[in-house]
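sequence first, then the predicted structure, then my questions.
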Amino acid sequence: MKQTDVLLHLENVWKIYKMGEVEVPALRGVTVEIRKGDFVAIIGASGSGKSTMMNLIGCLDMPSKGTIYLNSKDISKVSESDLASLRGRTIGFIFQQYNLVPSMTAFENVMLPMEFLEYDEGTASARARDILTLVGLKEKMYNRPTQLSGGEQQRVSVARSLAANPEIILADEPTGALDSVTGKELLNMLTRLWREDGKTIIMVTHDLNLAKYAHTTIELKDGQIIRVSKNHGVNKK
Amino acid sequence: MKFHKCLKHAFDMVLHSRLRSWLTILGIVIGVASVIAIMSIGSGMRERMSEQLGGLGGDILTLGAGFSRGNSMFGPPGERGSRGGGATATDEEPVLDRGDVQALKSIPDIDLILTTIRGTVEVTYLGKSGDVSLTGVDQKVWARITTETVSEGRLLDSADQNVVVIGGRLASSYFGKPVGINQMIAIEGNVFRVVGILDEESNTIYVPIQMAYQVLEDKTTDVYDSITIKIKNEDELDAVMSKIENKLMLVRHVTTKTKDFSLTSSKKMQETRSEMMSSMNTFLVAIAAVSLIVGAVGIANTMFTSVLEKTKEIGIMKAIGARNRDIMNIFLLNAALIGLVGGILGVIFGGILSGVLPALMGESGMLRGGTFVSLDSIMFALSVSIGIGILSGIIPAYQASKLKPVDALRYE
């Protein structure tokens, strides 16, 4: 595999939280490469450092030590403003609690990333409509989050993550708030995005059953990677 | 994010926290309305004062009997006319008479001297009568010194005897029927012919001073209520005033301490009044400004609450691509919008308030001139309210923009 296929590279990454005088390491010297078009599950028990790793991969936080390369770019050397734009263009987030803006309709929520990236109004609204139709919310695109079920809200969240056509979809416990049927539907949707649209999916979960959908599994324990395994039963085609 | 999109999100923020936003706006409305009302009253009073004094010109002095400290209308009443001396007996009220006129005539810097007496008389026209104010003027100089203008007819002339010039309102409506030029009116039983009607909407009557002595029974011939002096060179006002005072003190046998006359310059009176008005206005605006400061604190409070309330949303927005300046712009525009809406409503309420104030206060005193909401005061109020909104919003907006996405997303 070529070096250019590496989308994300974490090199000896540490994240240390200060609790008063005490320093608590959440990640300890993590080195990992995530390649384009992979479906990665980051698993581990509570407190293993999954969420911290997700924040760092999503460029929402900076490491205490080590380097993170996104598309070969050292994110610590990018200005705050450029990092926000880079994040908006490259990564689509799906959160456990959906994290939709409650005062906005589904359509407005999907429009939001494109507004920050200053898309042309017509292009953005056409794209928002198409994506909402794709996730099966054509009839409910002008509903506010409170007028939607949990599954529907998560579909809006998926639609929003796809709005700016990012290379990476970063999903944090995406089925955590859904029932098993809706959860399965969502995972099928993510699999489709991986297989058919060539998206790189990174899913953080504590549920080993969900990890079965992923092609690569990274297992964390006490802030360190203890295993990276390939699921050969899961293929792109 | 494009500016109009930031504005839309800021507007949505106002709409989605209606009660809190409106309460904040109310604070600004009260402040701006007070400032507008006070400024409009001040403008109205200044306009009226200019009307009253402005027309007199800087070369006009008014001499009155009795002493008024500081050449102003606000001298201690106890001292007015209480000092004897001069041309009259020490125990009597001081008066102005021919001796004073003669003394003034000897000063070469004086161009014109107008003697005047005043009183109230009963006037009858076509069977209807009423009491009006009458001014007797030296008709030989009146036309050259007065600022009055006629809408019909002419001013008084040197040869005039039984003729009058009457105020506009007296001519048009006072007697029920209009009084025209060359018509006859009776003043205290004496018949006078109307030769001129003034532009000014007043009930005043001007007659030659010798005729005024005949109809005003309590007046003594050659004793005047006031003397108006026109000097030759306005630039030498102070020096001429000093000369006149010295001369009069000499002929009236008084000193600076026992001075029994007052010499006032319309220009100085206007300046003094203007200064007083300006100080009073500044004081009142300062009081009103306190409510604006309270309004500003209200906006800052609302914005801080809003930032706290929207911390998670800020985190979401940052996660999906919002830059610090996008967040800063949205919150700043939100604060500016609150200020602008408060300012607009404040201007409207302030305008209404300044309109009804003269009526509420019985159109008394200086408010009789009405109030005047100038474009300047509107622009000032709107700029101040938007400025206050932005200033109050800067710190909360900066705080919002600097939130770390990871911390903001964790906020519950």
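It's in. Given the structure is predicted, the values throughout are model-derived calculations rather than measurements.

secondary structure class for A:Ala159?
The local conformation at A:Ala159, judged by DSSP: H, G, I helix; E, B strand; the rest coil, is helix.

ok, it touching A:Leu137?
Yes. Counting by C-beta atoms under 8 Å, A:Ala159 touches A:Leu137, with 6.9 Å between them. C-beta coordinates here come from the backbone N, C-alpha and C atoms, glycine included.

between these two, what contacts are shared?
A:Ala106 (C-beta atoms under 8 Å, 6 or more residues apart in numbering or on different chains).

who's more crowded, these two?
When A:Ala159 and A:Leu137 are compared for neighbours, A:Ala159 comes out ahead with 26 against 22, by other C-beta atoms under 10 Å in any protein chain shown.

tell me the spacing between the more buried one and B:Leu198.
Distance check for A:Ala159 against B:Leu198: by C-beta to C-beta, to the nearest Å, it reads 81 Å.

do the same with A:Leu134
Where B:Leu198 is concerned, A:Leu134 sits at a distance of 85 Å (C-beta to C-beta).

more crowded one of those two?
Under the neighbour definition other C-beta under 10 Å, A:Leu134 and B:Leu198 were set side by side, and B:Leu198 has more, 24 against 16.

can you pull the pLDDT of the more buried one?
According to the model's per-residue confidence, B:Leu198 sits at a pLDDT of 91.

how close does A:Leu132 sit to chain B?
Counting by C-beta to the nearest C-beta, to the nearest Å, the gap from A:Leu132 to chain B is 16 Å.

my guess is that residue is in a strand, correct?
No. With three-state DSSP as the criterion, A:Leu132 is helix rather than part of a strand.

with adjacent residues omitted, what lies nearest to it?
What sits nearest to A:Leu132 in space, not counting adjacent residues and going by C-beta to C-beta, 6 or more residues apart in numbering or on different chains, is A:Met141, at 4.5 Å.

spatially central residue in chain A, please.
Centroid check for chain A by C-alpha atoms, centre = their mean gives A:Leu170 as the closest residue, at 0.8 Å.

show me where chain A has strands.
Taking DSSP state E to define them, one finds strands in chain A at A:6-19, A:22-35, A:39-44, A:65-70, A:73-74, A:91-94, A:168-172, A:200-205, A:216-221, A:224-230.

sorry, wrong one. I was asking about the stretch 151-300 of chain B.
Secondary structure of the stretch 151-300 of chain B, counting by DSSP state E, counting those that start in this stretch: strands at B:163-166, B:184-187, B:190-198, B:205-208, B:223-224, B:226-231, B:261-265.

parallel or antiparallel, list what pairs with the third one.
Based on DSSP bridges, the pairing partners of strand B:190-198 within the sheet are strand B:150-153 (antiparallel), strand B:163-166 (parallel), strand B:184-187 (antiparallel).

cool, the shortest one as well?
In the sheet containing strand B:223-224, its partner strands are strand B:96-97 (antiparallel), by DSSP bridges.

after the strand it pairs with comes which helix or strand?
Beyond strand B:96-97 on the C-terminal side, the first helix or strand identified by DSSP states H and E is helix B:98-105.

how about chain B: which residue is closest to chain A?
Ranking the residues of chain B by distance to chain A (C-beta to the nearest C-beta) places B:Gly321 first, at 2.0 Å.

confirm that residue sits in a strand?
No. Using three-state DSSP, the assignment for B:Gly321 is coil, not a strand.

and the nearest residue to it once chain neighbours are set aside, how many neighbours does it have?
Closest residue in space to B:Gly321, ignoring its immediate chain neighbours: A:Gly88 at 2.0 Å, by C-beta to C-beta, 6+ apart. A:Gly88 has 25 neighbouring residues, counting by other C-beta under 10 Å.

so what's A:Gly88 up against?
With contacts defined as C-beta under 8 Å, 6+ apart, A:Gly88 is in contact with A:Pro113, A:Phe116, A:Leu117, A:Ala164, A:Pro166, B:Ile320, B:Gly321, B:Ala322.

got it, and A:Gln224?
A:Leu27, A:Arg28, A:Gly29, A:Val30, A:Gly49.

and the gap between it and B:Ser385?
For A:Gln224 relative to B:Ser385 (C-beta to C-beta), the value is 58 Å.

ok, B:Leu15 next?
In this view, B:Leu15 and B:Ser385 are 19 Å apart by C-beta to C-beta.

more neighbours, those two?
It is B:Ser385, of B:Leu15 and B:Ser385, that has more neighbours when counted by other C-beta under 10 Å, with 31 against 10.

could you find the closest non-adjacent residue to that one?
Using C-beta to C-beta, 6+ apart, the closest residue to B:Ser385 is B:Gly343 (2.9 Å).

model confidence for the one you found, exactly?
B:Gly343 carries a pLDDT value of 90.

who are the packing partners of the helix or strand containing it?
Counting by DSSP H and E, the element that carries B:Gly343 is helix B:324-360. Helix B:324-360 sits against helix A:80-90, helix B:3-16, helix B:18-49, helix B:266-309, helix B:311-319, helix B:375-401, with contacts defined as 3 or more C-beta pairs under 8 Å, 6 or more residues apart in numbering or on different chains; DSSP states H and E.

circling back to that earlier point, got the strands of the stretch 151-300 of chain B as a markdown table, with distance to B:Val29 columns?
Formatted as a markdown table, the entries for the strands of the stretch 151-300 of chain B read as follows, by distance: least, C-beta to C-beta, whole Å:
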| stretch | distance to B:Val29 |
| --- | --- |
| strand B:163-166 | 48 |
| strand B:184-187 | 54 |
| strand B:190-198 | 44 |
| strand B:205-208 | 49 |
| strand B:223-224 | 55 |
| strand B:226-231 | 49 |
| strand B:261-265 | 44 |
